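Visitor: Sharing a model that was predicted from the sequence below.
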Amino acid sequence: MDGQWREAWVPWRAAMEHALYGPGGFFVRERPAAHFRTSAHASPLFAAAVAELLTRVDAALGHPAELTFTDMGAGRAELATGVLAALPAPVAARVRVHAVERAPRPAGLDPRIVWCAEPPRGVRGLLLANEWLDNVPLDIAETDEAGVPRQVLVRPADGAERLGDPVTGADARWLQRWWPPSAEPGTRAEIGRTRDAAWAAAAGSLDAGLAVAVDYAHTRAGRPPYGTLTGYRDGRQVPPVPDGGCDLTAHVALDALPGTARTQRTALRALGGLPTRPPLSLATTDPAAYVRALAATGEAAELTAPGGLGGFTWLTTAVGIDDVLA
């Protein structure tokens, strides 16, 4: 990051874009799994549930000759790899997997996985965005002493902030509809208009099928008064400094997007992804099977733990078919 940029005062959206995806940016340079743990990293149960969802979409589409699975914000394709492994053979033979990521293709990746910077368009199948929208850059507003919402500017070198111009135009209209500004000085709002546009483009890549966003979220009735923007590095939460040295993330106003929302627990249960604790008698008759089953229930508990991965919301947007998760 050049010295002039580091010392400039810029809107948060531009700072996030540069810090995460610019030359030498965090997601271009780093392996995400080294800094934070997603559901795809926590357990193969998650990939198996997504594979089950893909088979349901396949059936709803009438088993097309080519079925597409698009993994948005694929990281190092951990989820895409797991879904391929979990699919029934007849479905796996027809599926075309696209991992959408701005970082270079990882070495040794399964050749069946297409690595791309944008989702393929005009396809039929399932698009899944697991912890993608929370990394789509956005602007931040803060109410000043006169009760006026102003754009927050940030200095990339150290994360220092100051207030810029009043929020106007489309951003002001978005706030009024989805995150009405408080008159209390110092309260903040994260302007999700860029996430709305990103989701419309992602879901719009499907000719038919299902688009699913999985993320930490909030609704208009309970927006956090001081926002959710934060950073992560080496598995720990850190101040959100946009210098390229950490992940930058903010929860998603998913209720601003079209579709049906449900908890991760509800979604995984509907997909058969929550094994129950094995009977103690199995420990005597088949100790190895008991240990495996016990481990699976532990993984399921992590995937559904309140305050952790279980705090995710699944938003499903159906395109030309019924919502097969309903």
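Guide: Yes, it's here.
Visitor: Tell me where the stretch 151-300 of the chain has helices.
Guide: Along the stretch 151-300 of the chain, counting by DSSP state H, counting those that start in this stretch, helices occupy 169-178, 193-203, 264-270, 282-285, 287-304.
Visitor: Lowest mean pLDDT across those, which one is that?
Guide: Ranked by mean pLDDT, the helices of the stretch 151-300 of the chain bottom out at helix 287-304, which scores a mean of 58.
Visitor: Past that helix, which element shows up next along the chain?
Guide: strand 313-319 (DSSP states H and E).
Visitor: I'd like to know which elements that following strand is packed against.
Guide: helix 193-203, strand 206-215, strand 260-263, helix 264-270 (3 or more CB pairs under 8 Å, 6 or more residues apart in numbering; DSSP states H and E). Every C-beta, even on glycine, is put in place using the N, C-alpha and C of the backbone.
Visitor: Which phi and psi values does Ile140 adopt?
Guide: When read as degrees, to the nearest 10, the backbone of Ile140 gives phi -130, psi 140.
Visitor: In contact with it: list those residues for me.
Guide: Trp12, Gln151, Val152, Arg188, Ala189, Glu190, Ile191, Gly227, Leu229 (CB atoms under 8 Å, 6 or more residues apart in numbering).
Visitor: And the second one, how close does it get to Ala256?
Guide: Going from Gln151 to Ala256 by CB to CB, to the nearest Å gives 19 Å.
Visitor: got it, and the third one?
Guide: Distance, Val152 to Ala256, using CB to CB: 20 Å.
Visitor: Of those two, give the one with the bigger neighbour count.
Guide: Remark: of Val152 and Ala256, Val152 carries more neighbours, 22 against 18, as counted by other CB atoms under 10 Å.
Visitor: so where's the protein shaky on pLDDT?
Guide: 1-2, 30-43, 273-284, 286-305, 307-310 (pLDDT under 70).
Visitor: can you list the domains in this structure?
Guide: 3-14+138-190, 21-137+192-275+310-319 (automatic domain parsing).
Visitor: to the chain's geometric centre, what's the distance from the last one?
Guide: The reference is to domain 21-137+192-275+310-319. Computed by CA atoms, centre = their mean, to the nearest Å, the separation of domain 21-137+192-275+310-319 from the middle of its chain amounts to 5 Å.
Visitor: Ok, stretch 134-148 next?
Guide: Taking the mean of its C-alpha atoms, stretch 134-148 sits 21 Å from the chain's own mean (CA atoms, centre = their mean).
Visitor: Tell me which residues of it come out buried.
Guide: Buried residues in stretch 134-148, counted by 16 or more other CB atoms under 10 Å: Asp134, Asn135, Val136, Pro137, Leu138, Asp139, Ile140, Ala141, Glu142, Thr143, Val148.
Visitor: For the residue lying closest to the last one once chain neighbours are set aside, the count of nearby residues, please.
Guide: For Val148, the nearest residue in space outside its immediate sequence neighbours is Pro166; the separation is 5.3 Å by CB to CB, 6 or more residues apart in numbering. The number of residues packed near Pro166 is 13, by other CB under 10 Å.
Visitor: and Pro166, how far is that from Val100?
Guide: The spacing between Pro166 and Val100, counted by CB to CB, is 36 Å.
Visitor: Enumerate every residue touching Gly231.
Guide: Gln237, Val238, Pro239, Pro240, Val241, Cys246, Asp247, Leu248, Thr249.
Visitor: Find the nearest non-adjacent residue to the second one, please.
Guide: Once its chain neighbours are removed from consideration, Val238 has its nearest residue in Gly231; the separation is 4.4 Å (CB to CB, 6+ apart).
Visitor: Can you tell me how far that neighbour is from Ala19?
Guide: 10 Å.
Visitor: Quickly list what's touching both of those two.
Guide: Common neighbours of Gly231 and Ala19 (CB under 8 Å, 6+ apart) are Leu248.
Visitor: residues of stretch 163-172 that come out buried?
Guide: Leu163, Gly164, Val167, Asp171.
Visitor: quick one: the residue nearest to Val238 from Glu101, how far?
Guide: In terms of CB to CB, Gly231 sits 20 Å off from Glu101.
Visitor: for Leu271, same thing?
Guide: Computed as CB to CB, the Leu271 to Glu101 distance reads 24 Å.
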